[in-house]
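Asks: No sequence on hand, only this structure:
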């Protein structure tokens, strides 16, 4: 049974009315190559107040980061052409490219980068603070060198800077109106915004001053919110949109209707987030029972048509941070799940839980989870919480109200970032936050202090994954690749492990 949420969106409506008035000229550089992409709008257009890892897909339209990832997940130069650590690992220096500018004309120099991170440290509503807590102070060494003075060695930072953390916003725009920056991005990325209506769409034109503008072949990019999964294919065929992610069950239909389907390795992992602070999961035996109640192979077989892979961790099995020692832990065992429920005296059918779901993702997954839980005597009902930034993110990620929620991670540029997002005390996907296992946090600190080319790096990283998975309550289910459907006019789709990018993409 699915119950709609009673939440209304007065703030979103008021914001829409306010921002529609400052939309840029629609005629500005309509361009010959127009691309329409259906995706989620970011939780904020300001990287400092952006909340989720998935935001990098849209934030990177308007912003460039200090570094970026290649298709193998390796860190590469971007705004910064190089970086180096001091011998003791406590100083990290980035050297910027020369003559960089934001779309408002402000110079993107070392001073601008320093100002951005200082705002990330001090702004009251900053979501960057936990991501950069290892950086004690920010300095400059001339106009092109930014110097991070670290409180402890942190060799993950070049990877962290490839995402929204390193997406530098104009200090002039922030000083003028920080609230507006959350609605109207001012960066140095491949595109410049010209129109935005919250919960609806954002339109962009090519930024000729982007440092890699020669590889941007799209003149106008129109971002719209996701449609219902059942109508996505029809929207692509009709030409209403050109690009959209689709579920595995829709691949055959997309190909049959002459759409191009691109699959690529991803860091996606689906999970049933569990809140150990809320009944019935404040009883750890109930949470443990759920781990054994889930038949991951059935989920993969039924929902992913062979494209998915079972996982009991926040990483897919092919990723180097996946811990092989716990690969076969929590295999499907309904008898064990029932026995765990019986230990504290829970009779069959006496445990009842509300599971919050996002209607635009995880198609079919909530209902199948509900059926599997019922087989071990756990009753559940589903409640829809809308995916918009004023709803799902606020209720689930920030307030952490649900006892359980069906969700998933798209990964992060750094594996440590992802571990902290799902298990850390301030992790946005840690529904049990601020609870975080002490041993896990100590293991994470050890990973950060280890150079990524050190022989012990992988073992330490996998140990941190193991401690997070075994000492936390969330139930990881399966991973899937990126699956993106496009109209035939779109060529050379550019997908890296954590995001879709637009360098090299062409529109005929």
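Replies: Everything's here; your move. Every value quoted in this text rests on a predicted model; they were computed, and no experiment measured them. Numbers count the residues shown, from 1 in each chain.

Asks: now the stretch 401-508 of the chain, which segments are flagged as low pLDDT?
Replies: In the prediction, the stretch 401-508 of the chain carries no residues with pLDDT under 70.

Asks: should've said the stretch 251-400 of the chain
Replies: Applying pLDDT under 70 to the stretch 251-400 of the chain flags residues 388-390.

Asks: is it true that residue 460 touches residue 446?
Replies: Yes: between residue 460 and residue 446 a contact is recorded at 5.5 Å, counting by Cβ atoms under 8 Å. To be clear about C-beta, it is placed using only N, CA and C from the backbone, and glycine gets the same treatment.

Asks: Can you report how many residues lie near the nearest residue to residue 51 once chain neighbours are set aside?
Replies: Distances taken as Cβ to Cβ, 6 or more residues apart in numbering place residue 43 nearest to residue 51, at 4.1 Å, with adjacent residues excluded. Neighbour count of residue 43, defined by other Cβ atoms under 10 Å: 25.

Asks: Helix, strand or coil: sort out residue 43 for me.
Replies: coil (DSSP: H, G, I helix; E, B strand; the rest coil).

Asks: residues contacting it?
Replies: The contact partners of residue 43, by Cβ atoms under 8 Å, 6 or more residues apart in numbering, come to 49-52, 55, 389, 393.

Asks: Let's see which of those residues end up in strands.
Replies: Assigned to strands by DSSP state E, none of the contacts of residue 43 qualify.

Asks: Isn't residue 383 up against residue 356?
Replies: Yes: counting by Cβ under 8 Å, residue 383 touches residue 356, with 5.4 Å between them.

Asks: More neighbours: these two, which one.
Replies: For residue 383 and residue 356, the more surrounded residue by other Cβ under 10 Å is residue 356, and the numbers stand at 22 against 17.

Asks: wait, what's in contact with that one?
Replies: Counting by Cβ under 8 Å, 6+ apart, residue 356 touches 382-385, 395-396, 402, 404-406.

Asks: got a list of what the residue nearest to residue 100 when sequence neighbours are not counted touches?
Replies: Closest residue to residue 100 apart from its sequence neighbours, by Cβ to Cβ, 6+ apart: residue 108 at 3.8 Å. By Cβ under 8 Å, 6+ apart, residue 108 lies in contact with 79, 96, 100-102, 168, 170, 188.

Asks: how about a cut-off of 10 Å?
Replies: Residues in contact with residue 108, defined by Cβ atoms under 10 Å, 6 or more residues apart in numbering, are 64, 79, 96-97, 99-102, 116, 168-171, 187-188, 209, 211.

Asks: For residue 84, see how far away it is.
Replies: Computed with Cβ to Cβ, to the nearest Å, the distance linking residue 108 and residue 84 is 20 Å.

Asks: Can you point out the buried residues in stretch 149-159?
Replies: In terms of neighbour count (16 or more other Cβ atoms under 10 Å), stretch 149-159 has its buried residues at 150, 153-159.

Asks: I'd like those residues as TSV, with distance to residue 121, pLDDT and secondary structure appended.
Replies: Output for these, formatted as TSV (distance: Cβ to Cβ, whole Å; pLDDT from 0 to 100; DSSP: H, G, I helix; E, B strand; the rest coil):
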residue	distance to residue 121	pLDDT	secondary structure
150	13	98	strand
153	19	96	coil
154	15	97	coil
155	20	98	coil
156	18	97	coil
157	14	98	helix
158	19	97	helix
159	20	96	helix
